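[1] generate a structure from the sequence data that follows.
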Amino acid sequence: MASNASNIVFDDIFTIEDIDKEGKKFDRVSRLHARSKNYDMHLTLDYNVELFPLQKDQSFALALASSLVKGGAPSGTSAEEEEKDKDVWRPDGKGKRGLEEDYDYVMYGKVYKFDGGTAEMVTVYASFGGLLMSLYGSFRHMTSIVLGDPVYLLMRK
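    Predicted coordinates for the structure are as follows:
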């Protein structure tokens, strides 16, 4: 892996169009509907409102990453070491610092469905411990997202 390769498979700035438009089902979870500025993607996302409060018309940066390791293997690190440390993350702050340092809200989950729709437009579905995400738009912006793969969702205001 090249030393400057990125583990980020998608990122864009989104603006919230609606929150809980189908009604609120859980105390600490809301579902937002947002559209991205650069790629005209549509996002539906469940998130923890206590950890990351958001409001209609607010914008946020969202990234999806295959790993929290910044920029691939640091120089002098073997591929074996990198693989071993690929998903090292500890809530006590010990260990390696990764992409999570640059964001306010991080979830870990899995891409469980890819819906072809029309040839051009696709929807990617991921679950983060039951909190769901769907991302709809041109397949060209989602070519690095792989069905069945673990994924990190990172957000910042």
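
[2] alpha carbons only for contacts and neighbour counts from here, please
    Fine.

[3] could you tell me the end-to-end distance of stretch 141-156?
    Using CA to CA, to the nearest Å, the end-to-end distance of stretch 141-156 comes out at 20 Å.

[4] lowest-confidence helix or strand of the chain?
    Using mean pLDDT, DSSP states H and E, the weakest-scoring helix or strand in the chain turns out to be helix 79-85, at a mean of 53.

[5] what about this protein, any weak spots by pLDDT?
    Applying pLDDT under 70 to the chain flags residues 1-5, 72-95, 117-118.

[6] do that again at 50, thanks
    For the chain, residues meeting the criterion pLDDT under 50 lie at 1-4, 73, 75-78.

[7] how about the strands in it?
    Assigned strands in the chain, in chain order: 8-19, 29-36, 42-48, 59-65, 105-115, 121-128, 131-138, 150-156 (criterion: DSSP state E).

[8] for residue 144, find the nearest of these.
    The closest of those to residue 144 is strand 8-19. By CA to CA, the value is 5.2 Å.

[9] OK, contacts around residue 63?
    The contact partners of residue 63, by CA atoms under 8 Å, 6 or more residues apart in numbering, come to 8, 9, 10, 11, 12, 153, 154, 155.

[10] likewise residue 56?
    15, 16, 17, 18, 19.
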